[in-house]
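> task: produce atomic coordinates for the following.
(one chain, ligands or ions: 2)
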Amino acid sequence: MTDHKTLSDMAIDVLTTADGRAKTALSHRYAAQWRDARAAGTPPEIGLANPPLRPARPVRPELLSPRDVPRRRPGSPEGRIALLHAVAHIELNAVDLHWDIIARFADVKMPIGYYDDWVKAADEESKHFNLMCDCLESLGSHYGALPAHAGMWRAAEDTAQDHMGRLAVVPMVLEARGLDVTPGMIEIFRKAGDKNAVAALETIYGEEVAHVAYGSKWFHFLCGRHDLDPKEVFHTLVRRYFHSTLKPPFNEEKRAEAGLPPDFYWPLTQDDPDSAT
Ligand SMILES: [Fe+2]
Ligand SMILES: [Fe+2]
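Ligands and ions are numbered 1, 2, ... in the order given. Predicted structure coming up:
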């Protein structure tokens, strides 16, 4: 059975599904449909859509401002559950972020490979969310058992009108940050002997490099289209939309692999010298 939804319609369906497991199941299904249709040479139309400003979310977890989310010692069993829960929350947001970039900016004419990349990224984020849920469940917990950060969708709202701003802040800042911190997390679970979590986090770590690379690739593509200097525009957009400086240490090797050279991110570790008042 094939329906004739546009890719944007599919994105809206995922964004408006609240339950995490249901959202990711739909995301996997649509990604497979897209892949099969591409292989057959009959991809769906991209279409046009009006995505919700915020995606549908399950009733649980309760969303709290970051300063109200309780901190737990990362070495303790509760601390490890909290860490997996936080990653599950990030992955669920990432599923929505990748479908949202497809739908939100569907009016911008892009090569079809751009859609291949974000559909693949959304498919992988869906797997990542389920891996984290499986780990939580094997430890007697589940996604929704703890509170989670409320601010996770802010970058999407801030860049809802700015395609290049979205690429700069989401894959090239937020997902790149994942490359910096994931090896340390893997170490925590290795020390605790939790092989499931180590394997899951290694899968995530391996696949996230490509998501950052997609961001860098299409950001550079748009700079070329508009005859802009990529590094300068990147600095301007990150300072405009990302409300903090970037925090070292950076995973310079994986960032390089993803097409992010040091002169893109190091200057953003400091406030803009030109904006001092
Ligand atoms: Fe992910
Ligand atoms: Fe990702």
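> use CA for all of it now, contacts and neighbours both
OK.
> for the closest residue to ligand 1 within the stretch 51-200 of the chain, what are its contacts?
Nearest to ligand 1, among the residues of the stretch 51-200 of the chain, is E125, at 4.3 Å (Cα to the ion). By Cα atoms under 8 Å, 6 or more residues apart in numbering, the contact set of E125 is 91-92, 94-95.
> looking at these, which are in strands?
Taking DSSP state E, every one of the contacts of E125 sits outside strands.
> in which helix or strand would I find L146?
Here L146 sits in a region with no helix or strand, counting by DSSP states H and E.
> hang on, the earlier thing: and the helix or strand harbouring the residue of the stretch 51-200 of the chain closest to ligand 1, what's its mean pLDDT?
E125 is located in helix 112-138, with elements delineated by DSSP H and E. Averaging pLDDT along helix 112-138 gives 98.
> what residues of it count as buried?
Of all the residues in helix 112-138, those buried under the rule 16 or more other Cα atoms under 10 Å are 115, 117-136.
> can you check stretch 264-277 too?
Result for stretch 264-277 [16+ other Cα under 10 Å]: buried residues 264-265, 268.
> give the contact list for the nearest residue to L139 once chain neighbours are set aside.
Leaving out its chain neighbours, the residue that sits closest to L139 by Cα to Cα, 6 or more residues apart in numbering is I81, at 7.6 Å. For I81, the contact set (Cα under 8 Å, 6+ apart) comprises 136, 139, 141.
> mind listing what's buried in the helix or strand where I81 lies?
Taking DSSP H and E as the definition, I81 sits inside helix 77-104. Residues of helix 77-104 classed as buried by neighbour count (16+ other Cα under 10 Å): 80-104.
> what pLDDT, on average, does it get?
Averaging pLDDT along helix 77-104 yields 97.
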